[in-house]
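Asks: how does the following fold in three dimensions:
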Amino acid sequence: MASKPPQTRPDTDGNSGTSSGSVSTRQRILLVTGMLGAGKTTALRELEDLGWEAIDNLPIQLIEKLLDPAARSYPMAFGFDCRTRGFEPGGIIELVKHLAARPDLELTTLFLDCAGAELARRFDETRRRHFLAQDMPVPQGIKAERELLSPLRRWADVLIDTTDFTVNDLKQRIREQFGQSAPAALTVIVSSFGYSRGMPPAADLVFDMRFLENPHWAPGLKELTGLDAPVADYIAANPVFASAFGKISDLVLELLPHYAAQGKTYVNIAFGCTGGRHRSVYSAQAMAEVLREAGFSPTVLHRNMGSRAAELVEGSQAI
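Replies: As a prediction, this is how the structure comes out:
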């Protein structure tokens with residue numbers, strides 16, 4: 001929207017930075033606007049998942065009041081459009097110029113555009129009335145909006161045309177453009193559970209460890225858990241475990257970066273056995289250690305480790 005000094009414009013990979021390549025300590029601010037139906041809400045939700053503080057349709061005059069010079073630890077994204085109170089393109093451009101001149105802010109503006117025919121189709125599909133159309137056909141409202149927003153489109157730092165985009169396409173573009181400057185990292189949860197007590201509902205990757213010999217039936221191990229050294233030694237001594245767990249570890253380490261690239265903010269890796277006290281617990285602990293060595297900070301949960309060691313439960317399944 002407003003012309004900015006060279007050091008405040010985004011670099012080639014979409015991240016705002018300084019011309020010298022140094023890391024900026026200024027608070028990152030993103031102003032998001034564009035045509036109604038072009039995807040502003042989707043973009044803001046994706047930014048929020050990436051760690052931005054996203055606020056939509058805040059009255060224009062209140063934006064600067066939320067920019068605290070001391071709050072530089074997190075980026076903020078403000079969404080507004082022709083429906084927003086105080087929306088006036090000339091005034092917004094002046095506001096952008098003013099904010100861009102502040103030494104504590106690193107400002108970028110994003111404009112979401114879309115062809116008129118596609119916007120009309122989207123309005124028709126959702127049966128929404130265009131804000132500027134009143135009793136007129138939707139295309140007339142779109143034409144009026146385009147004329148109103150044309151100054152903002154010319155001033156935008158980043159322009160994304162969503163005409164041929166699916167929702168996932170837009171999310172991917174937002175991740176590519178702004179994800180690297182977001183503080184959020186992939187959250188990894190490693191859990192154990194017992195099949196006899198039901199499958200975990202939110203697991204992304206599930207590994208069934210019932211192919212291993214069950215420590216429940218080994219002398220002296222029934223009342224222990226996978227956190228105890230005798231059970232750990234019993235499972236680790238099985239050569240099948242080392243071979244299978246190595247393949248599982250390689251698979252998990254290969255998949256996690258791809259989950260992050262697709263915008264997933266957390267991944268739950270679950271290990272199951274019959275009762276959820278021995279094999280699954282040990283496997284989850286071992287996987288957590290592998291992930292720590294790879295640079296992740298996993299959260300470990302043992303759903304059924306505290307359950308009573310019941311022979312009827314352990315013997316209720318063939319393995």
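
Asks: in stretch 292-304, which residues are buried?
Replies: F296, P298, V300, H302, R303, N304 (16 or more other C-beta atoms under 10 Å). Placement of C-beta: from N, CA and C, glycine included.

Asks: ranges for the strands of the stretch 151-300 of the chain?
Replies: Using DSSP state E, counting those that start in this stretch, the strands of the stretch 151-300 of the chain run over 158-161, 187-194, 205-208, 266-273, 299-302.

Asks: rounded mean pLDDT for the third one, please.
Replies: It refers to strand 205-208. The average pLDDT within strand 205-208 is 97.

Asks: D104: how many residues sit nearby?
Replies: Neighbourhood size, D104 [other C-beta atoms under 10 Å]: 14.

Asks: longest helix in this protein, by number of residues?
Replies: helix 239-261 (DSSP state H).

Asks: how far off centre is that helix?
Replies: Helix 239-261 sits 22 Å away from the centroid of its parent chain (C-alpha atoms, centre = their mean, to the nearest Å).

Asks: could I get the CA-only coordinates of it as PDB?
Replies: Extracted in PDB, the C-alpha atoms of helix 239-261 (Å, rounded to 0.1, in the frame of the first residue of the first chain):
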ATOM      1  CA  PRO A 239      16.100 -58.700  17.800                       C
ATOM      2  CA  VAL A 240      12.800 -58.100  16.100                       C
ATOM      3  CA  PHE A 241      12.300 -54.900  18.100                       C
ATOM      4  CA  ALA A 242      15.600 -53.400  17.000                       C
ATOM      5  CA  SER A 243      14.900 -54.100  13.300                       C
ATOM      6  CA  ALA A 244      11.300 -52.900  13.300                       C
ATOM      7  CA  PHE A 245      11.800 -49.900  15.500                       C
ATOM      8  CA  GLY A 246      14.700 -48.700  13.300                       C
ATOM      9  CA  LYS A 247      12.300 -48.700  10.300                       C
ATOM     10  CA  ILE A 248       9.600 -47.000  12.300                       C
ATOM     11  CA  SER A 249      12.000 -44.300  13.400                       C
ATOM     12  CA  ASP A 250      13.300 -43.700   9.800                       C
ATOM     13  CA  LEU A 251       9.700 -43.400   8.600                       C
ATOM     14  CA  VAL A 252       8.700 -40.900  11.300                       C
ATOM     15  CA  LEU A 253      11.800 -38.700  10.800                       C
ATOM     16  CA  GLU A 254      11.100 -38.700   7.000                       C
ATOM     17  CA  LEU A 255       7.400 -37.800   7.400                       C
ATOM     18  CA  LEU A 256       7.600 -35.000  10.100                       C
ATOM     19  CA  PRO A 257       9.100 -32.400   7.800                       C
ATOM     20  CA  HIS A 258       6.400 -33.100   5.200                       C
ATOM     21  CA  TYR A 259       3.700 -32.700   7.800                       C
ATOM     22  CA  ALA A 260       5.200 -29.300   8.700                       C
ATOM     23  CA  ALA A 261       5.400 -28.300   5.000                       C
END
